[in-house]
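S.K.: Model the following, please.
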Amino acid sequence: MTVLVLVFVETMGRPVRQCILLHCVLRGKYAQPEVLTDESGNEPRDIMRYQDRSIRSVGEYIAALRDTTRDGVVWFRGQKCEDWQLLPNIARPTENAPEGLLNQELPAIKRFKQNAGAFLSRLPQDEWEWIFLMQHHRGLTRLLDWTESPLVALYFALAECSEEKDGAVWCLDPIDLNAQVGHRRVNDRDVLAFGVDEVLDNYRPDRLSGRGAVVPPVAAIGPRNSARMIAQSGTFTIISSDRIPIEEFGTKNQVWRLKIPAGNKADLREELKLLGFNEFMLFPDLETLALHTKELLQ
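M.R.: Predicted coordinates:
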């Protein structure tokens with residue numbers, strides 16, 4: 001545990017390097033994690049890889065990651081309400097759209113393209129770049145944000161919400177998810193990439209519109225072409241065309257969850273603050289810098 005604390009201290013003020021160093025330390029040689037098994041000792045199907053585990057401090061969070069994070073590629077997603085499904089907003093049911101708005105994505109992209117040019121010094125070069133741009137500016141897309149940094153995910157799990165709601169950090173094995181749908185790679189650490197792997201073009205809204213084709217969810221990396229993407233170590237999953245949440249797809253063994261009890265959120269926020277982890281580290285722009293400077297003076 002001492003080593004991990006030193007990592008925080010030595011890298012304070014360097015958000016990207018801090019996350020990378022912690023990520024590497026967590027992948028050191030520790031005791032093998034305890035995987036959920038059935039009565040015969042075999043790993044069961046249709047069950048998440050590990051049981052839910054409650055986190056009450058940053059120290060417990062690190063210990064849980066050490067116990068449940070295997071060698072390999074793991075992504076993280078923080079959600080301020082633990083009962084939210086792993087779906088992008090466009091696929092979540094609402095009172096006016098019980099099946100979500102996924103069928104409205106293509107018209108929304110067309111409207112975004114129509115009016116965005118006046119605000120851009122360079123137009124996106126392909127369809128996915130347009131979708132990334134919409135996602136970056138809080139538009140509704142089929143992308144679900146993940147991060148390679150467990151601290152970034154924890155920060156978002158602690159975002160302001162009703163303190164009566166538990167939060168959660170979801171963990172995803174993207175290689176396992178992709179393998180379940182037939183996207184196996186020669187290198188077991190190789191993840192699909194936008195602009196490189198042509199199979200991802202089958203997920204473009206303009207390709208899917210009107211076809212009635214069913215495509216499964218998939219995990220992919222994209223160009224980190226903004227300061228925010230770099231700071232947040234961002235990655236993505238693409239929702240399946242039939243809107244199945246990631247945690248309910250396939251064997252379900254590709255995900256597991258660390259819960260954040262509502263009563264511990266305030267203390268965890270203070271611990272992250274003591275470690276120098278703040279909003280400006282994740283949203284490095286002038287507006288956030290001004291707000292951060294204001295907080296320093298209070």
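
S.K.: Centre of the chain to the helix or strand containing residue 280, how far?
M.R.: Counting by DSSP states H and E, the element that carries residue 280 is helix 279-282. Chain-centre distance of helix 279-282: 16 Å, with C-alpha atoms, centre = their mean, to the nearest Å.

S.K.: Quick check: buried residues in it?
M.R.: 280-282 (16 or more other C-beta atoms under 10 Å). Backbone N, C-alpha and C define where each C-beta goes, glycine included.

S.K.: Which residues are in contact with residue 248?
M.R.: With contact taken as C-beta atoms under 8 Å, 6 or more residues apart in numbering, residue 248 is in contact with residue 85.

S.K.: State the number of residues packed around the closest residue to residue 230 other than its chain neighbours.
M.R.: The shortest distance from residue 230 to any non-neighbouring residue, by C-beta to C-beta, 6 or more residues apart in numbering, is to residue 224 (4.9 Å). Residues contacting residue 224 under the criterion other C-beta atoms under 10 Å number 15.

S.K.: just residue 237 next, same as before
M.R.: With other C-beta under 10 Å as criterion, residue 237 counts 25.

S.K.: Assign a three-state SS to it, would you?
M.R.: strand (DSSP: H, G, I helix; E, B strand; the rest coil).

S.K.: just the CA coordinates of stretch 85-95, formatted as PDB?
M.R.: C-alpha atoms of stretch 85-95 as PDB (Å, rounded to 0.1, in the frame of the first residue of the first chain):
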ATOM      1  CA  GLN A  85     -27.600   0.000 -16.900                       C
ATOM      2  CA  LEU A  86     -24.500   0.100 -19.200                       C
ATOM      3  CA  LEU A  87     -26.300   1.800 -22.000                       C
ATOM      4  CA  PRO A  88     -25.600   5.200 -23.700                       C
ATOM      5  CA  ASN A  89     -28.200   7.800 -23.000                       C
ATOM      6  CA  ILE A  90     -29.700   7.500 -26.500                       C
ATOM      7  CA  ALA A  91     -30.700   3.800 -25.800                       C
ATOM      8  CA  ARG A  92     -32.100   4.400 -22.300                       C
ATOM      9  CA  PRO A  93     -35.900   4.300 -22.000                       C
ATOM     10  CA  THR A  94     -37.700   7.600 -21.100                       C
ATOM     11  CA  GLU A  95     -41.300   8.400 -20.400                       C
END
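
S.K.: buried sites along that stretch?
M.R.: Buried, per 16+ other C-beta under 10 Å, within stretch 85-95: 86-88, 90-92.

S.K.: same deal with stretch 66-79?
M.R.: Quick answer for stretch 66-79 (16+ other C-beta under 10 Å): 66, 68-69, 73-79.

S.K.: ranges for the strands of the stretch 151-298 of the chain?
M.R.: 167-172, 192-193, 218-221, 234-238, 255-260 (DSSP state E, counting those that start in this stretch).
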